[in-house]
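Enquirer: Please work out how this folds:
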Amino acid sequence: MDRPSTQLIILATAAQTPLAQTMLLLLRRTSNRLPLLPLTKEIIPCLSTFSSEAGAHHSPVTEYLWAKRTEAKANENLERDLFPIDEATNLLTKPPSATRTTVKYKFSQDNTLKDIYRNPWGFVRHGLLLEDLDALAGNTAAMHCSDGDDSTEGPMLVTASVDNVKMQNRLDMDNNLTLVGSVAWVGNSSMLIQMVLSDDTTKKTLMKAGFTFVARDRVDPSKSAKINRLAPETSEEMATYDALQALNDERKVRRKDVVARDEAVKITNQTIKDLINQAQPLITMPALVTEDVMLMAQTRVENSLICQPQQRNMADRIFGGFLMRRAFELAFSACYLHGGSRPHFLELERVEFITPVDIGDLLRLVAHVTFAEMEPSTIVHVEVVASVVNPEEREATTSNLFNFTFALNLHLEPKHNQTMKRVMPGTESEARRYLIAKEYVGDNFVVLEEK
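Expert: Residues are numbered from 1 along each chain as shown. As a prediction, the model looks like this:
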């Protein structure tokens, strides 16, 4: 019997959904005369229908994935007899093939789809692909956590981090592309979803990505929840699982190595002092500095927005893929302004999801160039910090951290535009961010052949 593509949709009563509570909060903010009343039952049906339409406001692929995720809930009961179950824990054991999902971008046949995804220079909009990656990773994680019982909600899944999104080759919009996502590793309450984008014509791998999810208890979100086990089938799947398990074990050992950690801190602190000393001429007598160098603080670019209902995900919070797209577009602009040449996206090294962003929140995105070098190739790293700002309470909370790396082909620019200023940190905090960025870009010193 073929395994159905079963997926999990997180359902909640409208009185408990973030969307319902946020809409009430917005109403309260608009008038001091509004009484602080609880939501009535008559309002609930209207609010609860919004989640089913969430995908309609995002990319066609995200809309498709979320629709399939909703439809699959009806077939969830068929799944329980297909996989081994641990009677003690009530957890299933699934192979990666059971939750592997494939998405086709038929650019060569669908001009409308091609027009949606193209950027001003005729290439793919990476920001939209980041949205699709987040949607696909969420679908895959939900499918793996499905317990074969449509009467249960299962654990609450949270995107802990985007570990890496790395470009391998340039994307050609004249060819069809295929995006595949599957579970690569599972711990007690966390899992890693790996995705690969490839070109159907050239058979080249274009992009690789890894997203980490954690499962939380629905009654007490501060507690973790155990998730279904993973049973790799092929030799490639087993090798990937073993490598990721070894990496996870190594991280645990490093966290316990106090001596090595203390030594690393000493080295880092000395490096920070050296960097700040090097920046002193820029800080104290900038008019006399003749080098092509500038302070990190001078590279700041920012924007702010009110988070709209159309930007929500299936859980009625702001879609993480939307946040990544907005951060990418700001980082691209910051790099463009700094380098004077159109950037080429190389890598999204890490995204941290610290606190959720809700509908109606005032979101501020701030970008800084934290590393910029021309040798051995021209590389720019941009950090974007997202914060939820509450003017009424005079508070601001960091929600996300994004790290992007770009390449510039300055050698193809006119001679007057073939230089770029290096960036120097002027404070201890900036020096730490500089060192993190330098570590991130280490494997990206390449020169793109095409502009």
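
Enquirer: for stretch 127-142, the distance to its chain's centre please.
Expert: When distances are taken as Cα atoms, centre = their mean, to the nearest Å, stretch 127-142 is centred 9 Å away from the chain's centroid.

Enquirer: can I have it written out in CSV, keeping just the CAs?
Expert: C-alpha atoms of stretch 127-142 as CSV (Å, rounded to 0.1, in the frame of the first residue of the first chain):
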residue,chain,number,x,y,z
GLY,A,127,13.4,36.6,-1.3
LEU,A,128,10.4,34.7,-2.7
LEU,A,129,12.4,31.5,-2.7
LEU,A,130,13.1,32.0,1.0
GLU,A,131,9.4,32.2,1.6
ASP,A,132,8.9,28.9,-0.2
LEU,A,133,11.7,27.3,1.7
ASP,A,134,10.1,28.2,5.0
ALA,A,135,6.7,26.9,3.8
LEU,A,136,8.2,23.6,2.5
ALA,A,137,10.2,23.1,5.7
GLY,A,138,7.1,23.7,7.8
ASN,A,139,5.0,21.2,5.8
THR,A,140,7.8,18.5,6.0
ALA,A,141,8.1,19.0,9.8
ALA,A,142,4.4,18.8,10.3
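
Enquirer: tell me the mean pLDDT for that stretch?
Expert: What stretch 127-142 shows for mean pLDDT is 94.

Enquirer: now stretch 341-351
Expert: 93.

Enquirer: For that stretch, list the C-alpha coordinates in CSV.
Expert: The C-alpha coordinates for stretch 341-351 follow below in CSV (Å, rounded to 0.1, in the frame of the first residue of the first chain):
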residue,chain,number,x,y,z
SER,A,341,27.7,47.3,-7.6
ARG,A,342,24.7,45.0,-7.9
PRO,A,343,25.2,42.2,-5.3
HIS,A,344,25.1,38.5,-6.0
PHE,A,345,23.5,36.5,-3.2
LEU,A,346,25.8,33.7,-1.9
GLU,A,347,24.5,32.6,1.5
LEU,A,348,22.1,33.0,4.3
GLU,A,349,24.3,31.7,7.1
ARG,A,350,21.9,31.8,10.0
VAL,A,351,18.5,33.1,11.1
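
Enquirer: And the contacts of it?
Expert: Outside stretch 341-351, the residues that touch it by Cβ atoms under 8 Å, 6 or more residues apart in numbering are 121, 126, 130, 161-167, 324, 327-328, 332, 335-336, 379-380, 400-410, 413, 417, 440, 444, 446, 448, 451. Quick note: C-beta positions are derived from backbone N, CA and C, even for glycine.

Enquirer: wait, isn't Asn119 in contact with Leu129?
Expert: No. Counting by Cβ atoms under 8 Å, Leu129 is not a contact partner of Asn119; they are 10.9 Å apart.

Enquirer: Pick out whichever of the two has more residues nearby.
Expert: Using other Cβ atoms under 10 Å, the more surrounded residue of Asn119 and Leu129 is Leu129, with 27 against 13.

Enquirer: need the contact list for that one.
Expert: 117, 197, 207.

Enquirer: In which helix or strand does the second one reside?
Expert: Using DSSP states H and E, Leu197 falls within strand 190-199.

Enquirer: Partner strands of that strand, with direction?
Expert: When sheet partners are counted by DSSP bridges, strand 190-199 sits next to strand 177-186 (antiparallel), strand 205-216 (antiparallel).

Enquirer: can you pull the buried residues of the first one?
Expert: In terms of neighbour count (16 or more other Cβ atoms under 10 Å), strand 177-186 has its buried residues at 177, 179, 181-186.

Enquirer: how about a markdown table for those, with pLDDT added?
Expert: Formatted as a markdown table, the buried residues of strand 177-186 follow (pLDDT from 0 to 100):
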| residue | pLDDT |
| --- | --- |
| Leu177 | 96 |
| Leu179 | 96 |
| Gly181 | 96 |
| Ser182 | 96 |
| Val183 | 96 |
| Ala184 | 96 |
| Trp185 | 96 |
| Val186 | 95 |
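
Enquirer: nearest to Lys421, of the residues you listed?
Expert: Leu177 (36.2 Å; Cβ to Cβ).

Enquirer: tell me the contacts of the closest one?
Expert: By Cβ under 8 Å, 6+ apart, the contact set of Leu177 is 104-105, 107, 171, 197-200, 206.

Enquirer: From Val183, how far off is it?
Expert: Leu177 sits 22 Å away from Val183, going by Cβ to Cβ, to the nearest Å.

Enquirer: sorry, back to before: from the contacts of stretch 341-351, list just the buried residues.
Expert: Burial by neighbour count, judged by 16+ other Cβ under 10 Å, picks out 126, 130, 161-167, 324, 327-328, 332, 335-336, 379-380, 400-410, 413, 440, 444 from those.

Enquirer: List the ones among these that fall in strands.
Expert: If you go by DSSP state E, the buried ones among the contacts of stretch 341-351 have 161-167, 379-380, 400-407 in strands.

Enquirer: Point out where this protein drops to low pLDDT.
Expert: 1-52, 55, 73-74, 80, 444-451 (pLDDT under 70).

Enquirer: Kindly recompute the last result at 50.
Expert: Applying pLDDT under 50 to the chain picks out residues 1-17, 19-20, 22-51, 447-451.

Enquirer: which stretches of it form helices?
Expert: 18-30, 44-48, 60-72, 111-117, 126-145, 235-256, 258-284, 320-339, 428-440 (DSSP state H).

Enquirer: Ile306 and Gly360 touch, don't they?
Expert: Yes. Ile306 is within contact range of Gly360, at 7.0 Å (criterion: Cβ under 8 Å).
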